[in-house]
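Peer 1: fold the following and give me the result.
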Amino acid sequence: MFHEIQRDCRSELMTGASVELFEFLVDWLQREGWAIVSLQECLKRLAEDDRSRRYAVVTFDDGYRDNVSVALPILERHNAPFTMYVPTDALKRTMQCWWLGVRELIRSREAVTIDAMGARFRCPDERSKRAALGKVRDWVHQDYKRAASLTATFENAGISTAALNDRYFLDPGELQSLARHPLASRMNTL
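Peer 2: Below is the predicted model:
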């Protein structure tokens, strides 16, 4: 399971997998005898209790654009199918992507105040920025209702989660195009 596959992990504060790591993992699986199969094939093998060969499914969460621009060429070289889970709110550009807002806030400033958290971070370098991001992320993960309290901080900093949705997530047309790709798993839903 992957989220972002980043060309420049440092500028994104190490929040996703690097191109090198992703390619290494796909290559390693195949070299070690794992078949990378579609989600449908996995479900079929599980239902049949097929243990004749090891297999793995590659999935992506959230529908990040870099899954197409960065990961897809690697998957194509390895003829590896994949499944992508895309929240409707990402497509509608209404997702409250607080984690992207916090990342943008921290990477664009040397000092950050999160009023709702009662915290101020001095983060002039990459290491301190990653540490600050981790602390805010951990704080939200303790109670996801806290994410909504970050809205005022984003607004005061001029950070728009709608703009971050546009920058980072596939739009409906891009998703439709991706869905037609021969390596993309398609699932029937009720």
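
Peer 1: so how far is the longest helix seen in the chain from its chain's centroid?
Peer 2: Longest helix in the chain by number of residues (criterion: DSSP state H): helix 126-142. With CA atoms, centre = their mean, to the nearest Å as the basis, helix 126-142 stands 17 Å off its chain's centre.

Peer 1: can you name every helix or strand that that helix contacts?
Peer 2: Helix 126-142 is packed against helix 98-107, strand 111-114, strand 119-122, with contacts defined by 3 or more CB pairs under 8 Å, 6 or more residues apart in numbering; DSSP states H and E. All C-beta atoms are positioned from the backbone trio N, CA, C, and that covers glycine.

Peer 1: what do you get if the cut-off is 6 Å, keeping everything else the same?
Peer 2: helix 98-107 (3 or more CB pairs under 6 Å, 6 or more residues apart in numbering; DSSP states H and E).

Peer 1: for the helix it packs on, packing partners?
Peer 2: Short answer (3+ CB pairs under 6 Å, 6+ apart): helix 98-107 packs on helix 126-142.

Peer 1: just checking, which helix or strand succeeds the helix it packs on along the chain?
Peer 2: Sequence order places helix 151-157 as the next helix or strand after helix 126-142, per DSSP states H and E.

Peer 1: mind listing what's buried in that following helix?
Peer 2: Thr153, Phe154 (16 or more other CB atoms under 10 Å).

Peer 1: just to revisit the earlier point, so for the longest helix of the chain, what gets flagged as buried?
Peer 2: So, applying 16+ other CB under 10 Å, buried residues of helix 126-142: Lys129, Arg130, Ala132, Leu133, Val136, Trp139, Val140.

Peer 1: what sits up against it?
Peer 2: For helix 126-142, the surrounding residues in contact (CB atoms under 6 Å, 6 or more residues apart in numbering) are Arg10, Leu13, Met14, Val102, Ile106, Arg107, Ile114, Met117, Phe121, Cys123, Arg146, Ala147.

Peer 1: just the CA atoms of that helix, as PDB, please.
Peer 2: Extracted in PDB, the C-alpha atoms of helix 126-142 (Å, rounded to 0.1, in the frame of the first residue of the first chain):
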ATOM      1  CA  GLU A 126      14.700  19.800   6.900                       C
ATOM      2  CA  ARG A 127      15.300  17.800  10.100                       C
ATOM      3  CA  SER A 128      13.400  20.200  12.300                       C
ATOM      4  CA  LYS A 129      10.600  20.500   9.800                       C
ATOM      5  CA  ARG A 130      10.100  16.700   9.700                       C
ATOM      6  CA  ALA A 131      10.100  16.600  13.500                       C
ATOM      7  CA  ALA A 132       7.500  19.400  13.700                       C
ATOM      8  CA  LEU A 133       5.400  17.700  11.000                       C
ATOM      9  CA  GLY A 134       5.500  14.500  13.000                       C
ATOM     10  CA  LYS A 135       4.400  16.100  16.200                       C
ATOM     11  CA  VAL A 136       1.400  17.800  14.500                       C
ATOM     12  CA  ARG A 137       0.500  14.600  12.700                       C
ATOM     13  CA  ASP A 138       0.700  12.600  15.900                       C
ATOM     14  CA  TRP A 139      -1.400  15.200  17.700                       C
ATOM     15  CA  VAL A 140      -4.200  14.900  15.000                       C
ATOM     16  CA  HIS A 141      -3.900  11.100  15.000                       C
ATOM     17  CA  GLN A 142      -4.700  11.000  18.700                       C
END
